[in-house]
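> Coordinates for the following, if possible.
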Amino acid sequence: MSSLRHSVCALDCPDTCSLLVSVEDGRATRLRGNPEHPVTRGFLCGKVARYLEREYSPERLLYPQKRVGAKGEGRFERISWDEAHDGIARELTRIAAESGPEAVLPYSYAGTMGLLNGEGMDRRFFHRLGASRLDRTICCAAGTAGLSQALGFRYGTEPEQFRHSRLILAWGANILGTNSHLWPFIVEARRNGARFYTIDPVKNRTGAAADKHFFIHPGSDAALALGIMHVLVAEGLCDADYVVRHTSGFEALRERVAEYPPERVASLTGIAQQEIVTLAREYGTQKPAVIRLNYGVQRSERGAMAVRAIALLPALTGSWSQPGGGLLLTTSAAFPLNRRALERPDLQPREARLVNMSELGKALTALDHPPVQALVVYNSNPAAIAPNQNLVLEGLRRPDLFTVVLEQFQTDTANYADVLLPVTTFLEHTDLYLAYGHYYMQLARPALDPPGECRSNVEIFRALAQRMGFDDACFRDSEDDMIRALLDTPHEFLRGITLERLEREHFVRLALPMPFLPFARGGFGTPSGRCEFGAETLDYTPPVESRLGSRRYPLELISPKNDDSMNSTFGYRPEVDAQTALVSLHEVDAASRGISSGDRVRVYNDRGSCLLAARIDTSVAPGVVCARAVRWSKLAPDGRNANALTSDRLTDAGGGPTFYSCLVEVEKCAD
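Residues are numbered from 1 along each chain as shown. Modelled structure (predicted):
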């Protein structure tokens, strides 16, 4: 018997695709994009098009297990769910009694973007326990801070409007690799005469397809934005009417950007002076112009300032006023769901301490009063993805640390678990999805039965709450109860969106005007309702760990997302491991070190080292090397990936990680 079922891609991507699953006799035979969804438009990225290989992989975890080998060794034996739940409840109860509940630390991120399995019953469980709270900063915290300072709201130009643009700047945005469903709208715009430029330290697939690529020094994006402002102001290319009506602080801004003439900005960014002037003139005269900003620019020491400065540009040119103008970083805050009703922070006995996930190594090795005694990991793989990897692994090896991992595969982190629990994929459970790259809410029901004894995060934390004796009514909520709680809000953007409607239609556009021009008439989420330039705090200082800061090591390492990886999700695939086992060098840097393509090299700094294979190409400029993220460390010959090199130093605001402020040296390994 065959059927066609609806689902939603839950992976950490702005596209949040609507899926159609062909099922025959209970087994999925085909996965494709829903042609009726206005952004998915019937196609999938190469990663998810092959997702059924993951769904039916013989490497899937199917049963609860407990560790029988040393931590990190990855040896386990099967146990029952009752044994698993009882053992976890017993240990958490003991630790909470002996050291206080804050000795328990949850660690999770966006392994699923589903709201129920990502931040639902788990949050309720840890709040009720009184566990330490996790400050989830690993991806977008600095960008969130910078965008909020600039606009007040975290949303922007809808992707469908890019077809109307005349100039499109992809700034730190590898659209073909990490936002592929925006690309058809860009193609349509280019067919109508639009120009498409990329700004990035690495010339990736998107840069190769651009009309022009600008190689920028890592972490210098704020300087370029200030240089563009200088030209716009000096040459009278600002929209005077928009500036007067909808901004504040322009005169102070005029004085501040006078300090960033193109010749100075050229020395800070590595982009030629005349190229900066030409880019600014085009941006100021081509109407409408839009910026696709992505999170790469905020993974440096000046990341929040970079996002803030770039996000101010559309207010100077008034491009928010036109369809196809403005800026898009995220749309996530346009979904004003009732998160408190889902997460129930009121269950906390008192507000627990907040632990920054970007400092996990420090948390596991140095945090005190109390020290972390239990770590519960789900929807993440910190042994691979967290910065300062050697310190993280030191913490995970602690014999007195009780570690629980919920996973689909035996990842790097899973190897350190005391108890390892098998969880469902997004095709196997109910969830609700917002998006951070479009404006459609989506519902997914199980398209497939879970294999073996896999259970959803919701089921696992619901059962653990029962074992711990938490008798609050919220722990008996069904998935539908949780969805209704999320949708219980009077905000106008969610008007008319109900569970029943989502059940019928599968995806529903937010109650927004068409076209949605969020700041055409001002309406910024700032105290004044205007775009506040805030020139007194708008500036640029090179990162400490950069070519213009510390010169302890000569090369700047960038470790951007690999096109086929989806963070560490697909790291088990051999071709993904091969892609993330490379480091790209410019021929000038390679020649001075006697390195040829294919050579085994050691990339190192004071924090650690990793072994990679050299690739000499033109994707990087001199002084920059690129190692794609995120390799499964367990597959590397030395058990390390590029995060053995990155620091746990934090960004200028938001407390985010500084993955791209990283100095290294590269040497050829002896045969």
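> All the strands of the stretch 501-650 of the chain, residue numbers only.
Taking DSSP state E, counting those that start in this stretch to define them, one finds strands in the stretch 501-650 of the chain at 507-509, 531-532, 555-558, 582-585, 600-605, 608-616, 624-626.
> And the shortest one, what does it pack against?
Packing partners of strand 531-532 (3 or more Cβ pairs under 8 Å, 6 or more residues apart in numbering; DSSP states H and E): strand 247-248. Where you see a C-beta, it was placed from the backbone N, CA and C, and this is true even at glycine.
> How about residues contacting the strand it packs on?
Strand 247-248 has contacts (Cβ atoms under 8 Å, 6 or more residues apart in numbering) with 315-316, 528, 530-533.
> Mean pLDDT, distance to residue 28 and mean neighbour count added to the strands of the stretch 501-650 of the chain, as CSV?
CSV is the format used below for those (pLDDT from 0 to 100; distance: least, Cβ to Cβ, whole Å; neighbours: other Cβ atoms under 10 Å):
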stretch, mean pLDDT, distance to residue 28, mean neighbour count
strand 507-509, 98, 20, 19
strand 531-532, 98, 47, 23
strand 555-558, 98, 37, 24
strand 582-585, 98, 33, 24
strand 600-605, 98, 40, 19
strand 608-616, 98, 36, 21
strand 624-626, 98, 36, 25
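> nearest to residue 176, of these?
Among these, strand 624-626 comes nearest to residue 176, with 16.2 Å by Cβ to Cβ.
> What does residue 244 show for phi and psi?
Residue 244 has phi and psi values of phi -70, psi -40 when expressed as degrees, to the nearest 10.
> With distance to residue 182 as extra columns, can I get the strands of the stretch 501-650 of the chain in JSON lines?
Output for the strands of the stretch 501-650 of the chain, formatted as JSON lines (distance: least, Cβ to Cβ, whole Å):
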{"stretch": "strand 507-509", "distance to residue 182": "17"}
{"stretch": "strand 531-532", "distance to residue 182": "24"}
{"stretch": "strand 555-558", "distance to residue 182": "22"}
{"stretch": "strand 582-585", "distance to residue 182": "25"}
{"stretch": "strand 600-605", "distance to residue 182": "32"}
{"stretch": "strand 608-616", "distance to residue 182": "28"}
{"stretch": "strand 624-626", "distance to residue 182": "23"}
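> Nearest to the spatial middle of the chain, which residue is it?
Centrality entry for the chain: nearest residue to the mean C-alpha point is residue 139, 4.1 Å, by Cα atoms, centre = their mean.
> did I read that right, it in a helix?
No. Residue 139: not assigned to a helix; according to DSSP: H, G, I helix; E, B strand; the rest coil it is coil.
> Surely it and residue 113 touch.
No. The criterion here is Cβ atoms under 8 Å, and residue 139 misses it with residue 113 at 11.4 Å.
> what is in contact with the two at once?
Joint contacts of residue 139 and residue 113 (Cβ under 8 Å, 6+ apart) are residue 12.
> which other helices and strands contact the strand or helix carrying residue 82?
In this structure, residue 82 sits in helix 81-99 according to DSSP states H and E. Helices and strands touching helix 81-99, by 3+ Cβ pairs under 8 Å, 6+ apart, are strand 65-67, strand 104-108, strand 374-378, strand 402-407, strand 419-422, helix 457-467.
> Run the chain-centre distance for it.
Offset of helix 81-99 from its chain centre (Cα atoms, centre = their mean, to the nearest Å): 32 Å.
> Strand 104-108 and that helix, what's the angle between them?
Here helix 81-99 runs at 130 degrees with respect to strand 104-108, directions being taken by axes from the mean of the first three to the mean of the last three Cα atoms, to 10 degrees.
> Number the chain from 33, please
In the new numbering, first residue 33, that becomes helix 113-131.
> Helix 113-131: which residues count as buried?
113, 116-117, 119-121, 123-124, 127-128, 131 (16 or more other Cβ atoms under 10 Å).
> Need the contacts of strand 279-280 in JSON lines (columns: distance to residue 246).
Below are these laid out as JSON lines (distance: Cβ to Cβ, whole Å):
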{"residue": "347", "distance to residue 246": "22"}
{"residue": "348", "distance to residue 246": "19"}
{"residue": "560", "distance to residue 246": "33"}
{"residue": "562", "distance to residue 246": "30"}
{"residue": "563", "distance to residue 246": "25"}
{"residue": "564", "distance to residue 246": "28"}
{"residue": "565", "distance to residue 246": "24"}
